[in-house]
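A.B. asks: with the input below, show me the fold.
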Amino acid sequence: YKRQGDRFTLETDYIDDKKRPGAVLGPKTVPKKVKELLRNGFSEDLIYKICVENIEKIYGIDLSR
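C.D. replies: As a prediction, this is how the structure comes out:
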């Protein structure tokens, strides 16, 4: 894995376009992707940033409640 920053998120969506398989992550893939990142040496702090802090910043919400 290349490490080029922490300004991204893991977000899911549904797309019903058979011509674009894999265009979006399905809901079940996010936990698998997080585990894969951890197995490949990404820190828990980075995972927290992309799964919580970046989401809070993008959407203007507080996930700590």
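A.B. asks: got a list of what the residue nearest in space to the middle of the chain touches?
C.D. replies: Here the mean C-alpha position of the chain is nearest to the C-alpha of residue 10 (CA atoms, centre = their mean), at a distance of 1.6 Å. Going by CB atoms under 8 Å, 6 or more residues apart in numbering, residue 10 touches 25, 30, 33-34, 50-51. Every residue, glycine included, has its C-beta placed from N, CA and C.
A.B. asks: if you set the cut-off to 6 Å instead, what comes out?
C.D. replies: When contacts are counted by CB atoms under 6 Å, 6 or more residues apart in numbering, residue 10 touches 30, 33.
A.B. asks: equivalent analysis for the one 4 residues further on, please.
C.D. replies: For residue 14, the set of contacting residues under the criterion of CB under 6 Å, 6+ apart is empty.
A.B. asks: so which helix or strand takes in it?
C.D. replies: Following DSSP states H and E, there is no helix or strand that holds residue 14.
A.B. asks: from residue 28, how far off is it?
C.D. replies: Taking CB to CB, to the nearest Å as the criterion, residue 14 is separated from residue 28 by 12 Å.
A.B. asks: give me the contacts around the helix or strand where residue 37 lies.
C.D. replies: When secondary structure is defined by DSSP H and E, residue 37 falls within helix 29-39. For helix 29-39, the external contacting residues (CB under 6 Å, 6+ apart) are 10, 12, 47.
A.B. asks: so what's residue 9 closest to, chain neighbours aside?
C.D. replies: Leaving aside its chain neighbours, residue 9 sits nearest to residue 54 (4.9 Å; criterion: CB to CB, 6 or more residues apart in numbering).
A.B. asks: and for residue 37, the neighbour number?
C.D. replies: 18 (other CB atoms under 10 Å).
A.B. asks: how near is it to residue 18?
C.D. replies: Distance, residue 37 to residue 18, using CB to CB: 28 Å.
A.B. asks: any regions of this structure where pLDDT drops low?
C.D. replies: Per-residue confidence for the chain (pLDDT under 70) gives these ranges: 1-3.
A.B. asks: can you do 90?
C.D. replies: Low-confidence segments of the chain, defined by pLDDT under 90, are located at 1-30, 33, 64-65.
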